[in-house]
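Visitor: fold the stuff below for me.
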Amino acid sequence: MSKLLVKPAAPDTEGRIHNVTPASAGWDHVGFEVYKLADGQSLSKETGDREACIVLLAGKVAASAGGTEFGTIGGRNSPFEPDPWSLYVPAGTSWSVTAEGGCDVAVCSAPGKPGLKPRVIAPRDVGCLTRGQGTNTRHVRNILPETEPAESLLVVEVITPSGSWSSYPPHKHDRDALPRESLLEETYYHRLSPPQGFALQRVYTDDRSLDETLAAEDGDVVLVPRGYHPVAAPHGYELYYLNVMAGPKRVWKFANDPAHEWMLES
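Guide: As a prediction, the model looks like this:
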């Protein structure tokens, strides 16, 4: 199986089913975990030299961070529903969540420094927009964009309708060459509705030294260390993905594949 495709594991004692680290991915910045928590189960962590954005994929939790109790956050039944709740935790800070009913929690992380305050990112704080048209339509929820305070993390949810393309025309962000392009590692956490579906994602570079097309099933993670990375949702299956990006500079500046850029002009 490709090293870019990561399947979920059986839950460990903490309920963790995904554990992508910079070491396991072979890069420098992005970390990504997913936990399935039972009713009443708690998860407590210390961010150390990394910042974290805890995204409630489904369910709700009582949340605290840095000695502040934030009460209950979350509430949606699946990531396909709107109104995501998240918790931002800076580096050097302890945090804890306790499930109120079963819930799925994603922990997105990247290098950071202490200084910012922990905060809840409520649905009213999430910028929603629709990009593209026709079979290139996708619905974006900007949970932690570069306009909001963080050290290096960028976090976004995207819903791609059945039969549509996303991250398309193909784009990349693998060169530290601002203002034209930024260097950002990226993970895609895929979910499908109904769950027996699959998505297709191609990851490729201009010189084709990397060129893989992956079939991502419900709950899989795709690693994008470099290159273009378009995604397709087959007919009959709605696609959700959670993106985590980070790099040496917290700027999302991408370059389109010149071969396909023409369609933006039509």
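Visitor: could you report the neighbour count for the closest residue to S193 other than its chain neighbours?
Guide: Leaving aside its sequence neighbours, S193 sits nearest to E238 (CB to CB, 6 or more residues apart in numbering; 4.6 Å). Just so you know, the C-beta spots here come from the backbone N, C-alpha and C atoms, and that holds for glycine as well. For E238, the count of nearby residues is 17 (other CB atoms under 10 Å).
Visitor: ditto for F80
Guide: F80: 15 neighbours (other CB under 10 Å).
Visitor: just the one 10 residues further on next, same as before
Guide: Applying other CB under 10 Å, we find 23 residues neighbouring P90.
Visitor: start at 41 instead
Guide: Taking 41 as the first residue, the last one we looked at is P130.
Visitor: A150 is in contact with that one, correct?
Guide: No. P130 lies out of contact with A150 (CB atoms under 8 Å); the separation is 11.4 Å.
Visitor: might you calculate how far stretch 167-177 sits from the centre of the chain?
Guide: Taking the mean of its C-alpha atoms, stretch 167-177 sits 18 Å from the chain's own mean (CA atoms, centre = their mean, to the nearest Å).
Visitor: contacts for that stretch, please.
Guide: Residues outside stretch 167-177 that contact it (CB atoms under 8 Å, 6 or more residues apart in numbering) are 122, 178-182, 185, 200-201, 203-206, 208.
Visitor: hang on, the earlier thing: now do the residue nearest to S233 against P124, distance only.
Guide: 16 Å (CB to CB, to the nearest Å).
Visitor: which residues in this structure form helices?
Guide: Using DSSP state H, the helices of the chain run over residues 62-65.
Visitor: show me where pLDDT drops low in it?
Guide: Counting by pLDDT under 70, the low-confidence segments of the chain come to 306.
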